[in-house]
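Trainee: structure, please.
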Amino acid sequence: MVTELAEIDSPALIVDLDVMEANLASMTQLAGSNGIDLWPNIKGHKIPALAWRQVRAGAAGITCQKLSEAEVMVNAGFTDVLVAVQVIGAQKIERLLRLARRVRLITVVDSLEGATAISEVFARQDRTIEVFLEIDMG
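Mentor: Model (predicted):
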């Protein structure tokens, strides 16, 4: 059975798979030819199957905008995950620690207070985590 485009209720994700695969290959080639590891942000789709296509096309890992997105992706088997927002608060830092026990996890800090809070929790468990320092030049 073929469904006509006009019959699909919105919102709906409609993807031309051939175009998508070409775009994935193009981005991977462009990044690689410039010595850059590609870490696509899954914020726009949040679909593990699509993120796997990105990794199979050559992405070094995936970027998540929220800790909850990272949890979904780690549960889907991803092992290199960047959480691209500051993780603030004891509960969220504990969640970050649980994920970091399972995979290579990278996060972002933008203050000494944020870095200290993460460092203290991880140090108590004899763990480390890769961190990018975000600087607002603003």
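Trainee: for the protein, which segments count as helices?
Mentor: 17-33, 48-56, 67-75, 90-100, 112-124 (DSSP state H).
Trainee: including mean pLDDT, could those go into CSV?
Mentor: Formatted as CSV, the helices of the chain follow (pLDDT from 0 to 100):
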stretch, mean pLDDT
helix 17-33, 94
helix 48-56, 96
helix 67-75, 97
helix 90-100, 97
helix 112-124, 96
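Trainee: and among those, the most buried is which?
Mentor: Greatest average neighbour count among the helices of the chain goes to helix 67-75 (a mean of 19), per mean count of other C-beta atoms under 10 Å. For every residue, glycine as well, the C-beta is placed using N, CA and C.
Trainee: what's the angle from it to helix 48-56?
Mentor: 70 degrees (axes from the mean of the first three to the mean of the last three C-alpha atoms, to 10 degrees).
Trainee: angle of helix 67-75 against helix 90-100?
Mentor: 20 degrees.
Trainee: which neighbouring elements make contact with helix 67-75?
Mentor: helix 48-56, strand 62-64, strand 80-86, helix 90-100 (3 or more C-beta pairs under 8 Å, 6 or more residues apart in numbering; DSSP states H and E).
Trainee: the ones you listed: which one's closest to residue 107?
Mentor: Evaluated with C-beta to C-beta, these place strand 80-86 nearest to residue 107, the distance being 4.7 Å.
Trainee: how far does that closest one sit from the chain's center?
Mentor: In terms of C-alpha atoms, centre = their mean, to the nearest Å, the centre of strand 80-86 is found 6 Å from the chain centre.
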